[in-house]
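# next come a sequence and a model predicted from it.
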Amino acid sequence: MKYIKLPHTDLEVSDICLGTMTFGNQNSETEAHYQMDYAFERGINFFDTAEMYPIGGNAQIFGNTERYIGSWFKKSGKRERIVLATKIAGPNRGLEYIRQPLDFSKKSLEEAVDLSLKNLQTDYIDLYQMHWPERVMNMFGKRGITHTDAQWQDNILEVLTVFDGLIKAGKIKHIGVSNENPWGVMKFLNEAEKHNLPRISTIQNPYSLLNRLFEVGLSEICMRENVGLLAYSPLAFGFLTGKYLEGTPADSRMGLFPNFVRYTNENCYKITPKYQELAHCLGLTLTELAIAFVYHQPFVTSTIIGATTIDQLEENINAFEVRLTDEVIEAINKIHESQPNPAP
């Protein structure tokens, strides 16, 4: 396991981050604890969650994921050895049961942090992230933006001011954004520098063989400004395991939660077999090739992996031992050029 400092922090995190969005719906509390035990034994000290989890949530199971992590902390006594990241949900996603209004006002931010602290059974959060922007923008399923959100009032300075207070109160240590675009990242950085307020350390965005949009604009910003990418969906919701090429298993994420599907368009079905063929020629699984490609990138700080079974988690972790040559990267890029970013 390799460890790296989160940018502009003193936190050393494993280059593998355990994603937990299945805990509390697809995974029981016992299974969740088993995954965290196993991940920790393998050297993973970085856990990522969110107030809205588990995936496919509703008012009845809202917050289960954080609660399961909290009960693991209490049982294991390992809180001080884990770098913990969680997120506040933003608006525009049909999650009204979380709070009203769903925004990043001072009231909402403070309520969200306090609830997460309670659920997680901890006094502090190492990395607190905005799950998606407050403004309406091209987050999922779109490559570009055709108009700006005229209803959104720029409140980034106010948001950073609230975070400053939460950091001074000891409730959070550092902040990050998620599902952001280049304008948003630079706006947060500029306001922080101008007003001597907390600086974003990380951005959590999708990045995989099927979605390399991060490379356009965001990669240069993050490398020049030292903002670390926490790459999520390196397996594209499991599509890059190859299991969906013969149909959609009923118990899979795409089978259970079709409203969260993002990687099943025609072009994904066309290009994924090409990556699979390359992997097999190299003596690798498609999973190994896909994960190895992500962590190979210089702008990736940590890669978030998630699983519903220990076998899946073991395979995902083992994939980090694979090393790709320049020739393999060139072969990947040739496939990519034939159908760039099929899953925005």
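On my side now, so go ahead.
# where in this structure is pLDDT low?
138-141, 250-261 (pLDDT under 70).
# just give me the residue closest to the centre of it.
The centroid of the chain falls nearest to Tyr232 when counting by C-alpha atoms, centre = their mean (4.0 Å).
# how near is it to Ile4?
17 Å (C-beta to C-beta, to the nearest Å). For glycine as for every other residue, the C-beta is placed from the backbone atoms N, C-alpha and C.
# ok so, going back, the closest residue to the residue nearest to the centre of the chain other than its chain neighbours: neighbouring residues, count only.
Distance criterion C-beta to C-beta, 6 or more residues apart in numbering; nearest residue to Tyr232, sequence neighbours excluded, is Ile304 at 4.5 Å. Counted by other C-beta atoms under 10 Å, the residues lying close to Ile304 total 23.
# ok so, going back, show me what contacts the residue nearest to the centre of the chain?
By C-beta atoms under 8 Å, 6 or more residues apart in numbering, Tyr232 lies in contact with Gly19, Asp48, Gln204, Asn205, Pro206, Tyr207, Ile304.
# kindly report the same for Leu109.
Applying C-beta under 8 Å, 6+ apart, the residues contacting Leu109 are Ile88, Val159, Val162, Phe163, Leu166.
# in the sheet, who's paired with the residue nearest to the centre of the chain?
Pro206 (DSSP bridges).
# could you measure from it over to Leu117?
For Tyr232, the distance to Leu117 - C-beta to C-beta - is 23 Å.
# likewise for Ala32?
Counting by C-beta to C-beta - Ala32 and Leu117 are separated by 19 Å.
# between the two, which one's more packed in?
The residue with more neighbours, out of Ala32 and Leu117, is Ala32; 23 against 18, by other C-beta under 10 Å.
# looks to me like that one is in a helix.
Yes: under DSSP: H, G, I helix; E, B strand; the rest coil, Ala32 sits within a helix.
# isn't it right next to Asn25, touching?
No: contact criterion C-beta atoms under 8 Å: Ala32 and Asn25 do not qualify, at 10.4 Å.
# beta partners of the residue nearest to Tyr232?
Here Ile304, judged by DSSP bridges, has bridge partners Cys17.
# OK, contacts around it?
Ile304 sits in contact with Cys17, Leu18, Gly19, Asp48, Gln204, Leu230, Ala231, Tyr232, Ser233, Pro234, where contact means C-beta under 8 Å, 6+ apart.
# how about the helices in the chain?
29-41, 64-76, 106-120, 156-168, 182-195, 218-225, 253-256, 266-281, 286-296, 310-318, 326-338 (DSSP state H).
# is it possible to get a markdown table of those that adds distance to Val13?
Converted to a markdown table, those look like this (distance: least, C-beta to C-beta, whole Å):
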| stretch | distance to Val13 |
| --- | --- |
| helix 29-41 | 13 |
| helix 64-76 | 16 |
| helix 106-120 | 17 |
| helix 156-168 | 18 |
| helix 182-195 | 20 |
| helix 218-225 | 16 |
| helix 253-256 | 25 |
| helix 266-281 | 28 |
| helix 286-296 | 13 |
| helix 310-318 | 15 |
| helix 326-338 | 25 |
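# thank you kindly, that will do.
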